[in-house]
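Visitor: Quick one, structure for this:
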Amino acid sequence: MDLTSGMIERYKLWRIGQCGPTGVNRDLATLRFMLNFAIRLGYIKDNPVTGVKMLAEPQDRMHVLSHTEERTYLHAASRTLRDVGVLILGTGMRPAEVLSLKCDDIHLAE
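Guide: Coordinates of the predicted model:
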């Protein structure tokens, strides 16, 4: 079965229910990169992602904390927020990912 632009559009509709537009766009960018690589290697001729439009992303401003800001936040935060902050800083997880963790997901001995 060949991958088509229509299949990718259906994936976008499904995936938007799993994450936001930024996540969908990262998926599409990764797929586009892999298929362009396959073209360069001669495995395929066309990239069906080329005709697929990216989703509009929120234009939130991102601020990267300085080390001083990290220390200030962790010192002032409640125990729960400090624990969440340490997990985010140590793992790169997003707040929603940290907050959705379950006890079965955590393996401190490992």
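Visitor: check contacts around the residue nearest the centre of the chain.
Guide: Centroid check for the chain by C-alpha atoms, centre = their mean gives Gly23 as the closest residue, at 4.7 Å. Gly23 sits next to Arg15 when contact means C-beta atoms under 8 Å, 6 or more residues apart in numbering. Just so you know, the C-beta spots here come from the backbone N, C-alpha and C atoms, and that holds for glycine as well.
Visitor: Could you check which helix or strand contains it?
Guide: Using DSSP states H and E, Gly23 sits in helix 21-40.
Visitor: Any idea how far that helix is from the middle of the chain?
Guide: In terms of C-alpha atoms, centre = their mean, to the nearest Å, the centre of helix 21-40 is set 13 Å apart from its chain centre.
Visitor: What separation do you get for Asn47 and Asn25?
Guide: Separation of Asn47 from Asn25 (C-beta to C-beta, to the nearest Å) stands at 16 Å.
Visitor: could you pull out the helices for the chain?
Guide: For the chain, the helices defined by DSSP state H cover 5-15, 21-40, 67-76, 79-91, 95-99.
Visitor: of those helices, which approaches Leu55 most closely?
Guide: Minimum separation from Leu55 across these (C-beta to C-beta) falls at helix 21-40, 3.8 Å.
Visitor: Identify each buried residue in the closest one, please.
Guide: Within helix 21-40, the residues that count as buried by 16 or more other C-beta atoms under 10 Å are Val24, Asn25, Asp27, Leu28, Leu31, Arg32, Leu35.
Visitor: Taking helix 5-15 as reference, get the angle to that helix.
Guide: Helix 21-40 runs at 150 degrees relative to helix 5-15, counting by axes from the mean of the first three to the mean of the last three C-alpha atoms, to 10 degrees.
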